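Trainee: with the input below, show me the fold.
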Amino acid sequence: MPEPGGVKTYGAGVEPGIAWSGISDKRSYYRLFAGYVSALIATGVATVALALLAFDMAGDESGAVIGTALSLKILAYILAAPVVTVLFDRLPRKAVLIVLDLIRAGCLFLLALVVEIWQIYALVFVFALASGTFSFVYLAVVPYLLGTEADYTRSLSRSRIASELEGPLSPLVAAGLLLVLSPKAALGVIAAAFILSALLVRAAQIPAAANTGMGREGLLSKLTRGPALFVRVPAFRAVVALDLAVALASAMVMVNTVVLVQGVFDLERDASALAFGAFGLGSVLAAVALPLLHKRLRDRSIMLAGGLLLVACLALGLLQSTLPGLLSLWFGLGIGVALALTPATFLIRRLARPSDLQVLMAAQMSIANACLLLAYSVAGWLGAELGLGPTFAILAALCAAAVLVFTRLWPADYAPE
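Mentor: Coordinates of the predicted model:
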């Protein structure tokens, strides 16, 4: 029987909509994945080039320009998933992905021509909107290309590794380009990576979108459908709690690493890069180990272990006063983030009906980014107002509360798998 409001729920014993077919189209998957990675690195390189472009245009005020641009980027990611899921519901997925790549390439070409700050803001928002949409459409397509649980688990690990490697690789690629090119010229070259991504997507065989049955619903119902499904499913509600825990830990790293290393420890910029690298390395190693862990442990156990590790590392931050200690904590936080976050996508794929998969992926992306936007503000404000010691303590307490909520929303005896 339908639930109140016409939204169906999921639970133990509900037959998932996407069965393991046993047949994987790996050629199409690898082409699509190569396009995803190409676009991912290009996005990171474009961010570096944008910072230099902003400095050329705004001088000493470039920090405010970049801060505003990155805030718009996060807001676009939050808005992109639910809104574009509705608008692109019935369009061919391959065409959507190709158009999104071309939009991003066009934005970079236009960024090379801007003469006003507001033009940067507008193009960054459109670029981020296209990037966020590309990511969740990619996540919704992959389950249909990989027909075995092992193949899909490995694909999640690859995506996580690609996301982590994008951080250190993008500045290196950007440095190489900017040694010989101006920021505006570099943006034009980076646009070619999105054209390459579009060609790789074109070469892949991508299934058409599933009929979501949303054609007769009103606009508000369509926009709220994904979040409504989330709040009605115990396992998905639990994922939201861990999204918050991951966001708090990630925000501590991204917002306060430079303050700790160069402000408190009085070290050079290279030490900050090393700290970020330790966080990324922990996440990559956990992602590599995930397929092996998944054969032995349930999703809940893996995610809970990651959440508890986040709490422990944040709490131990109160005791650290040296770079080696901080590197160990950041390494542990990287492991915790990957273990807590990555299985969520697998869980959604396992439980979602074909008609719900794309909106649920979109809802998860929007919720995770909303938590991150909130956590960035909290970590930055606490660090500035109270100092880093109290910030570690408060974020550890908030993270512990989120993990506790996770265990209550997804009790050990509830087995949606």
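Trainee: from here on, contacts and neighbour counts on C-alpha atoms
Mentor: Noted.
Trainee: buried sites along stretch 380-396?
Mentor: Using 16 or more other C-alpha atoms under 10 Å as the test for burial, stretch 380-396 gives Gly380, Leu382, Gly383, Leu388, Thr391, Phe392, Ala393, Ile394, Leu395, Ala396.
Trainee: just name the closest of these to Trp330, please.
Mentor: Within the buried residues of stretch 380-396, the smallest distance to Trp330 is 12.5 Å, found for Phe392 (C-alpha to C-alpha).
Trainee: what helix or strand does that closest one sit in?
Mentor: According to DSSP states H and E, Phe392 maps onto helix 388-409.
Trainee: helices or strands up against that helix?
Mentor: Helices and strands touching helix 388-409, as assessed by 3 or more C-alpha pairs under 8 Å, 6 or more residues apart in numbering; DSSP states H and E, comprise helix 234-258, helix 299-316, helix 357-386.
Trainee: what mean pLDDT does it have?
Mentor: Per-region confidence: helix 388-409 scores 95 on mean pLDDT.
Trainee: ok so, going back, got JSON lines for the helices and strands packed on helix 388-409, with distance to Val284 too?
Mentor: Shown next, in JSON lines, are the helices and strands packed on helix 388-409 (distance: least, C-alpha to C-alpha, whole Å):
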{"stretch": "helix 234-258", "distance to Val284": "15"}
{"stretch": "helix 299-316", "distance to Val284": "14"}
{"stretch": "helix 357-386", "distance to Val284": "19"}
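Trainee: which one of those lies nearest to Tyr144?
Mentor: Nearest to Tyr144, of the helices and strands packed on helix 388-409 and by C-alpha to C-alpha, is helix 357-386 at 10.5 Å.
Trainee: which secondary structure elements does that closest one sit against?
Mentor: Judged by 3+ C-alpha pairs under 8 Å, 6+ apart, helix 357-386 is in contact with helix 62-87, helix 117-145, helix 219-232, helix 234-258, helix 323-351, helix 388-409.
Trainee: arrange those in CSV, one row each, with distance to Tyr29 as further columns.
Mentor: Converted to CSV, these look like this (distance: least, C-alpha to C-alpha, whole Å):
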stretch, distance to Tyr29
helix 62-87, 22
helix 117-145, 6
helix 219-232, 25
helix 234-258, 26
helix 323-351, 16
helix 388-409, 33
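Trainee: which among those is found nearest to Lys94?
Mentor: helix 117-145 (9.3 Å).
Trainee: against which helices or strands is that closest one packed?
Mentor: Using 3+ C-alpha pairs under 8 Å, 6+ apart as the contact criterion, the elements in contact with helix 117-145 are helix 26-58, helix 62-87, helix 93-111, helix 357-386.
Trainee: ok so, going back, ok, of the helices and strands packed on helix 388-409, where does mean pLDDT dip lowest?
Mentor: Among these, helix 357-386 scores lowest, at a mean of 82.
Trainee: ok and that helix relative to helix 388-409, angle-wise?
Mentor: Taking axes from the mean of the first three to the mean of the last three C-alpha atoms, to 10 degrees, one finds that helix 357-386 is oriented at 150 degrees with respect to helix 388-409.
Trainee: so which bits of helix 357-386 are buried?
Mentor: 357-373, 375-376, 378-380, 382-383.
Trainee: and it with helix 117-145, angle?
Mentor: Angle of helix 357-386 versus helix 117-145, following the same axes, to 10 degrees, is 130 degrees.
Trainee: and the angle for helix 357-386 with helix 323-351?
Mentor: 160 degrees.
Trainee: to Ala315, which of the helices and strands packed on helix 357-386 lies closest?
Mentor: Closest of the helices and strands packed on helix 357-386 to Ala315 is helix 388-409, at 5.4 Å (criterion: C-alpha to C-alpha).
Trainee: strands of the stretch 151-300 of the chain, residue ranges please.
Mentor: With DSSP state E, counting those that start in this stretch, there are no strands along the stretch 151-300 of the chain.
Trainee: roughly how far apart are the residue positioned nearest the centre of the chain and Val359?
Mentor: Residue closest to the mean C-alpha point of the chain, counted by C-alpha atoms, centre = their mean, is Met365 at 6.7 Å. Met365 sits 10 Å away from Val359, going by C-alpha to C-alpha, to the nearest Å.
Trainee: before we move on, what about Thr47?
Mentor: Distance, Thr47 to Val359, by C-alpha to C-alpha: 28 Å.
Trainee: repeat for Tyr144
Mentor: Taking C-alpha to C-alpha as the measure, Tyr144 and Val359 are separated by 15 Å.
Trainee: next one: Ser283
Mentor: Here the criterion is C-alpha to C-alpha. By it, Ser283 lies 27 Å from Val359.
Trainee: ditto for Val83
Mentor: 10 Å.
Trainee: correct me if wrong: the residue nearest to the centre of the chain contacts Tyr138.
Mentor: No. Counting by C-alpha atoms under 8 Å, Met365 stays clear of Tyr138, with 12.0 Å between them.
Trainee: skip the chain neighbours and tell me the closest residue to Phe236.
Mentor: Nearest residue to Phe236, sequence neighbours excluded (C-alpha to C-alpha, 6 or more residues apart in numbering): Phe230, at 5.2 Å.
Trainee: contact partners for the one you found?
Mentor: Applying C-alpha atoms under 8 Å, 6 or more residues apart in numbering, we find Phe230 in contact with Phe236, Arg237, Leu360, Ala363.
Trainee: Leu319: which of those is nearest?
Mentor: Using C-alpha to C-alpha, the contacts of Phe230 come closest to Leu319 at Arg237, 33.1 Å.
Trainee: so what's the closest one up against?
Mentor: Listed by C-alpha under 8 Å, 6+ apart, the contact set of Arg237 reads Phe230, Val231, Phe406, Leu409.
Trainee: how much space separates the last one from Met57?
Mentor: I take that to be Leu409. 50 Å.
Trainee: who's more crowded, the two?
Mentor: Neighbour totals were compared for Leu409 and Met57, and Leu409 leads with 19 against 15 (other C-alpha atoms under 10 Å).
Trainee: surely the more buried one meets Pro234?
Mentor: Yes. Applying C-alpha under 8 Å as the test, Leu409 and Pro234 come out as touching, 5.6 Å apart.
Trainee: can you count the residues close to Arg154?
Mentor: 17.
Trainee: apart from its chain neighbours, what residue comes closest to it?
Mentor: Pro291 (6.0 Å).
Trainee: what is the burial count for the one you found?
Mentor: Number of residues near Pro291 (other C-alpha under 10 Å) recorded here: 19.
Trainee: contacting residues around it?
Mentor: Ala150, Thr153, Arg154, Ser157.
Trainee: perfect, I'm done here.
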